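Participant: I'll drop the sequence and a predicted model, then ask my questions.
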Amino acid sequence: MRDYDAWKRAFDNDPVSREQGGVRRYRIACHADDTNHVVVDLEFDAAGSAAAFAERLRGLWGRVGDELGLEGPTARVLETVESNEY
């Protein structure tokens, strides 16, 4: 993306209603050397909910991606196969 601050304002406005879409929690990570390279990890209870939400995101990106300066946004549904904390 070209402007993290503009994107973050849009994210905070929540135009896709994350909670209503099944998002349980989210994490935002930026590349250590480039805050305009962002990864957003959304957690869901079920893969089906995640897939439906990914379609909503793609629709949003199609409408406002250019004005937010998004460059090739992608959405992938991943399932956690193992997790551990130290």
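Facilitator: Structure's in. What do you need? Remember, predicted model here, so these are calculated numbers, not experimental data.

Participant: assumed residue 27 was part of a helix.
Facilitator: No. Counting by DSSP: H, G, I helix; E, B strand; the rest coil, residue 27 is located in no helix; its state is strand.

Participant: and the strand ranked longest in the chain, how far from the chain's centre?
Facilitator: Scanning the chain for the longest strand, with DSSP state E as the assignment, gives strand 34-43. Relative to its parent chain, strand 34-43 has a centroid offset of 7 Å by C-alpha atoms, centre = their mean, to the nearest Å.

Participant: can you check stretch 13-23 too?
Facilitator: Centroid separation for stretch 13-23 versus its chain: 10 Å, with C-alpha atoms, centre = their mean.

Participant: repeat for stretch 69-82
Facilitator: 7 Å.

Participant: try stretch 77-86
Facilitator: Relative to the centre of its chain, stretch 77-86 is centred 18 Å away, using C-alpha atoms, centre = their mean.

Participant: hang on, residue 74 in a strand?
Facilitator: No. Using three-state DSSP, the assignment for residue 74 is coil, not a strand.

Participant: all set, thanks.
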